[in-house]
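>>> Mind looking at a prediction? Sequence and model below.
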Amino acid sequence: AYGTRVHARNGSHMTLLRVTPELWSRALAHRTQILYSRDISLITLELELRPGSVVVESGTGSGSFTTALARTVAPHGHVFTYEFHAERAREARQD
């Protein structure tokens, strides 16, 4: 089974899915260009990122790539990110 089926009182149902990086990227507001898992995989491979790596990212944007970087370098690595556009930075922090 994929996800968990939940029944509502009115007889309808929905399926709850565990949050994955792919679902997170799709759910984020697309304030900037979004990178998807295929692109992210190639970038992290080419940069040879792994747990413990330290990354400096310029342009946080929506936070999609930042989130993927953080998952890649966890648990002991760190991602430093900087967003010049104040409104985008505020929105990324909220997301």
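Thanks, I have it.

>>> can you pull the contacts of the residue nearest to Phe80 when sequence neighbours are not counted?
Leaving aside its sequence neighbours, Phe80 sits nearest to Val56 (CB to CB, 6 or more residues apart in numbering; 4.9 Å). All C-beta spots, glycine's among them, are computed from the backbone N, C-alpha and C. With contact set as CB atoms under 8 Å, 6 or more residues apart in numbering, Val56 has these partners: 80-82.

>>> Among those residues, which are located in strands?
80-82 (DSSP state E).

>>> before we move on, back to that, may I see the ChimeraX selection of the buried members of the contacts of Val56?
Here is the ChimeraX command that selects the buried residues among those (16 or more other CB atoms under 10 Å):
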select :81
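
>>> Make CSV from the contacts of Val56 and add pLDDT to it.
Listed next are those as CSV, based on pLDDT from 0 to 100:
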residue, pLDDT
Phe80, 95
Thr81, 90
Tyr82, 89
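
>>> where does this structure have its least confident helix or strand?
When the helices and strands of the chain are scored by mean pLDDT, DSSP states H and E, helix 21-27 comes last with a mean of 69.

>>> Now the element after that helix, going C-ward?
helix 37-46 (DSSP states H and E).

>>> What's the first helix or strand after that following helix?
Following helix 37-46 in sequence order, the next helix or strand is strand 54-58 (DSSP H and E).

>>> in that next one, what's buried?
Val55.

>>> Summarise which helices and strands the helix or strand just after that strand is packed against.
Per DSSP H and E, the first helix or strand lying C-terminal to strand 54-58 is helix 64-73. Here helix 64-73 touches helix 21-27, helix 37-46, strand 54-58, strand 78-82, going by 3 or more CB pairs under 8 Å, 6 or more residues apart in numbering; DSSP states H and E.

>>> out of the contacts of Val56, who's nearest Ala68?
Distance to Ala68, by CB to CB, is smallest for Thr81 among the contacts of Val56, at 11.8 Å.
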